[in-house]
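Chemist: model this:
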Amino acid sequence: MTAADAPVHGTGYPSIAVITGADSGIGKATAVTLAERGLDVGITFHRDEDGARRTAEEVRALGRTCAVRRHDLTDPVTAAGVVDELADELGGIGVLVNNAGTGSGRSLLEMEYDEWRSVLAVDLDGAFLCAQRAARRMTSQGGGGRIVNVTSVHEEYPRVGAGPYCAAKGGLKMLARVLALELSPYGITVNTIAPGEIATPMTGQEDQPPRPDTRPGYPLGRPGDAREVAAAIAFLTDPSASYVTGASLFVDGGLVLMGPQAAGALDSAAWREG
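Modeler: As a prediction, this is how the structure comes out:
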């Protein structure tokens, strides 16, 4: 299929989504939300097989098909093949959500190259290769599609002790924008969701609604709920979002608005310690 033959609006893609890292947190919430909207779902996990099984059970309880694969993005070339496996099992792919990710907690001066590369492999290389696999399927089958990269507020704003994570998320934002340009003739949109602090296991919290008034430095006063991020992802994956591409949608409770305001309220330099 050539770009000239592709649909303009990209609303005829299969109701099938692949979501990486869907054993908990944002990935799990997204899988369930998309299933509620009538999509069959392929999910991946790295270590938490029980978590992936629970996600699959919730999807199937909604009457949708769910396929599951283990996905080790520390070897991104091999891992990307899972996108094709899931598409083959489910009968195509209309949506890819690049959600799987990792981080680090060491300063750049103390970091070994292997640690740097391991974060980039998972957070950026893996996302690129999964997007490439999905986009090739989408352009071949026709009908357009949706790709959403889950980044972070750190796609734009730095954090001490998170150098490779910030670099990867910033790269993922620009990857999405280039893909948005290159895939637009095929009716495929590519966007990023940039969450702030979300109450998930990745932030040391549980998959439950966060308590209000627990973050006095945030405009909305609390961490986010994974389902709030999933709702934003669901919008971007919907046919109704056909005119949104190359965009970054921040889901952060107003956190990034607090730069100068919050800096002026600090009374110590403890932030330098990460």
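Chemist: Which SSE is immediately downstream of the helix or strand hosting residue 57?
Modeler: Per DSSP states H and E: residue 57 is located in helix 49-61. Later in the chain than helix 49-61, the nearest helix or strand by DSSP H and E is strand 66-70.
Chemist: which parts of that next one are buried?
Modeler: 66, 67, 68, 69 (16 or more other Cβ atoms under 10 Å). Where C-beta positions appear, they are placed from N, C-alpha and C, glycine not excepted.
Chemist: okay, and for the chain, where does confidence drop off?
Modeler: 1-11, 202, 204, 206-207 (pLDDT under 70).
Chemist: other SSEs contacting the top strand by length along it?
Modeler: Ranked by residue count, the top strand of the chain under DSSP state E comes out as strand 188-195. Packed against strand 188-195 by the contact rule (3 or more Cβ pairs under 8 Å, 6 or more residues apart in numbering; DSSP states H and E) you find helix 126-141, strand 145-150, helix 163-183, helix 226-237, strand 248-251.
Chemist: For these, please prepare CSV with the additional fields mean neighbour count and distance to residue 53.
Modeler: Shown next, in CSV, are the helices and strands packed on strand 188-195 (neighbours: other Cβ atoms under 10 Å; distance: least, Cβ to Cβ, whole Å):
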stretch, mean neighbour count, distance to residue 53
helix 126-141, 21, 22
strand 145-150, 28, 22
helix 163-183, 20, 28
helix 226-237, 22, 18
strand 248-251, 19, 27
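Chemist: Out of these, which is closest to residue 17?
Modeler: helix 226-237 (6.8 Å; Cβ to Cβ).
Chemist: where's that closest one relative to the chain centroid, distance-wise?
Modeler: Relative to its parent chain, helix 226-237 has a centroid offset of 10 Å by Cα atoms, centre = their mean, to the nearest Å.
Chemist: Packing partners of it?
Modeler: helix 25-36, strand 95-98, strand 145-150, strand 188-195, strand 248-251.
Chemist: coming back round to it: of the helices and strands packed on strand 188-195, give the one that comes closest to residue 34.
Modeler: Here helix 226-237 is closest among the helices and strands packed on strand 188-195 (Cβ to Cβ), at 6.1 Å.
Chemist: that older thread, buried residues in the helix holding residue 57?
Modeler: So for helix 49-61, counting by 16+ other Cβ under 10 Å, buried means 51, 52, 55, 56, 58, 59.
Chemist: nearest to residue 212, of those?
Modeler: Among these, and counting by Cβ to Cβ, the member closest to residue 212 is residue 58, at 25.7 Å.
Chemist: residues in contact with that closest one?
Modeler: 28, 31, 32, 35 (Cβ atoms under 8 Å, 6 or more residues apart in numbering).
Chemist: Number of residues surrounding the nearest residue to residue 262 once chain neighbours are set aside?
Modeler: Using Cβ to Cβ, 6 or more residues apart in numbering and skipping residues adjacent in sequence, the residue nearest residue 262 is residue 217, 5.7 Å away. Using other Cβ atoms under 10 Å, residue 217 has 11 neighbouring residues.
Chemist: Next, residue 217: secondary structure please.
Modeler: The local conformation at residue 217, judged by DSSP: H, G, I helix; E, B strand; the rest coil, is coil.
Chemist: Wait, it touches residue 258, no?
Modeler: Yes. At 6.5 Å, residue 217 counts as touching residue 258 under the criterion of Cβ atoms under 8 Å.
Chemist: what residue is smack in the middle of this protein?
Modeler: residue 150 (2.4 Å; Cα atoms, centre = their mean).
Chemist: which residue sits closest to it in space, ignoring its chain neighbours?
Modeler: The nearest residue in space to residue 150 (Cβ to Cβ, 6+ apart) is residue 99, at 4.5 Å.
Chemist: Next: residue 123.
Modeler: residue 168 (3.5 Å).
Chemist: so what's that neighbour up against?
Modeler: 101, 119, 120, 122, 123, 124 are the contacts of residue 168 under Cβ under 8 Å, 6+ apart.
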